[in-house]
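**Q** Build me a model from this:
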Amino acid sequence: MSDGGMVAALSQHVPLETPLRILMISDAWYPQVNGVVRTLSRLRDTLTDMGHTVDIIGPHLFRTVPCPTYPEIRLCLLPGRRLARLIEAFQPDAIHIVTEGPLGLAARRWGRRNGRCFTSSFHTRFPEYIHVRTGFSTRLPYRFLRWFHGAAALTLVPTASLLEDLRERGFAHLECWTRGVDADRFHPDAVAIDWHGRYGVRGPYLLYVGRVAVEKNLEAFLSLDLPGTRIVVGDGPDRAALAARYPGVLFTGYLTGADLAAAYAASDVFVFPSLTDTFGLVILEALACGVPVAAFDVTGPRDILPPGISAVGAIGPDLRRNILAALRADRAACRAYAARFSWEACARMFLGAVIRAQRPPGAGNRVAR
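**A** Next up, the predicted model:
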């Protein structure tokens, strides 16, 4: 179904133009740097520009402790009472629970207790992350996630392939909700970083942007015999170990805003080695900067990119082959391809979903048992 057809189907009760008070509750928020935070930030700004009133409740409003192995992620301590006060003070027309952490659990509990329907979203394959780090089976984590999202009127997932996977795992009430890219910030004409002048490295420049952690499968990229320089933009628990193991790789740490756009614009191929991401917002950012993408043929890349080798990059089982093929891609085609992903379309799909989740007067609300 096209974006327009989906929005029309979802907005059967209330016009999308009706101003709403929308409350989003997320364990992922600033100062964290990740795709969930960037998505929420742009979604909030776009919805506000469309005339809606939007607020985000995040860990910054609560007492927190660092997450084990991810100290940059803060986990809320006993947020229930304060969260209830914040929800009731905002008086939302629609509630969207973004994450399955302490805040998400408290919001779910509040919704059930008060008979309020809400939507949720599935952003991260935590069962696979846990399995990669510990070897623990994915069965129990997926059972928890089915229980968590089973209370939502709708659960929004970023890609069609992930939706089918979750449906096969017993999830219900799923809707696709794509992502967008800021084509004004990320563009081929961004003032590019001079990789050679600044760091003394030579091209071709092969770029990765994201968290530096085992679940991102970075070694599948860093261990390859490739021409030029491999560049890692980002940080995380595995950075020190990987920097020691691969001294020829350039690790820059986090870059944001114009600096991040400059890193994309200066690079020849964007490499996305993850096997577990649910979308890959960085893929769109790279394409918008005219940078072709090399990735495995998995959820996320296969939902964004054409199959096999194309004018905008390559996906498939052989990452080295994909990278070398992407070096021959068309940068102008990459920019044009990214233009189909807009934040306005993303916001309208989201609006349609939260509107559909509301029940007509007297119909009641579905609350999971």
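
**Q** Every contact and neighbour count from this point should use C-alpha atoms.
**A** Noted.

**Q** low-scoring pLDDT stretches of this structure, where are they?
**A** 1-16, 359-369 (pLDDT under 70).

**Q** And for the helix or strand hosting Y208, what's in contact with it?
**A** Secondary structure assigned from DSSP states H and E places Y208 in strand 205-209. The contact list for strand 205-209, computed with Cα atoms under 8 Å, 6 or more residues apart in numbering, reads 228-234, 264, 266-272, 282.

**Q** hey, C-alpha coordinates of it in PDB?
**A** Coordinates of each C-alpha in strand 205-209 appear next as PDB, following Å, rounded to 0.1, in the frame of the first residue of the first chain:
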ATOM      1  CA  TYR A 205      37.100   6.600   2.200                       C
ATOM      2  CA  LEU A 206      34.900   3.900   3.500                       C
ATOM      3  CA  LEU A 207      32.600   5.200   6.300                       C
ATOM      4  CA  TYR A 208      30.600   3.700   9.100                       C
ATOM      5  CA  VAL A 209      28.400   5.900  11.400                       C
END
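
**Q** Mind giving me the PyMOL select for the contacts of strand 205-209, buried ones only?
**A** Applied in PyMOL, the following selects the buried portion of those according to 16 or more other Cα atoms under 10 Å:
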select buried, resi 229+230+231+232+233+234+264+266+267+268+269+270+271+272+282
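
**Q** Which of the contacts of strand 205-209 fall in helices?
**A** Counting by DSSP state H, the members of those that fall within helices are 264, 282.

**Q** Which members of the contacts of strand 205-209 occur in strands, if any?
**A** Within the contacts of strand 205-209, residues falling in strands by DSSP state E are 229-233, 269-272.

**Q** Could I get the residues you listed in a markdown table, plus columns for distance to I22?
**A** Shown next, in a markdown table, are the ones in strands among the contacts of strand 205-209 (distance: Cα to Cα, whole Å):
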| residue | distance to I22 |
| --- | --- |
| T229 | 45 |
| R230 | 42 |
| I231 | 39 |
| V232 | 36 |
| V233 | 33 |
| V269 | 38 |
| F270 | 35 |
| V271 | 36 |
| F272 | 33 |
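
**Q** which of these lies closest to I130?
**A** Nearest to I130 among the ones in strands among the contacts of strand 205-209, counting by Cα to Cα, is F272 at 20.1 Å.

**Q** what pairs with the spatially closest residue to the closest one that is not a sequence neighbour across the strands?
**A** Nearest residue to F272 in three dimensions, chain neighbours excluded: A295, at 4.9 Å (Cα to Cα, 6 or more residues apart in numbering). With DSSP bridges as the criterion, A295 is bridged to F272, I315.

**Q** Test my guess that A295 contacts L319.
**A** Yes - between A295 and L319 there is a contact under Cα atoms under 8 Å: 6.3 Å.

**Q** in stretch 324-341, what's buried?
**A** Within stretch 324-341, the residues scored as buried using 16+ other Cα under 10 Å are 324-335, 337-338, 341.

**Q** Next: stretch 296-311.
**A** Quick answer for stretch 296-311 (16+ other Cα under 10 Å): 296-305, 308-311.
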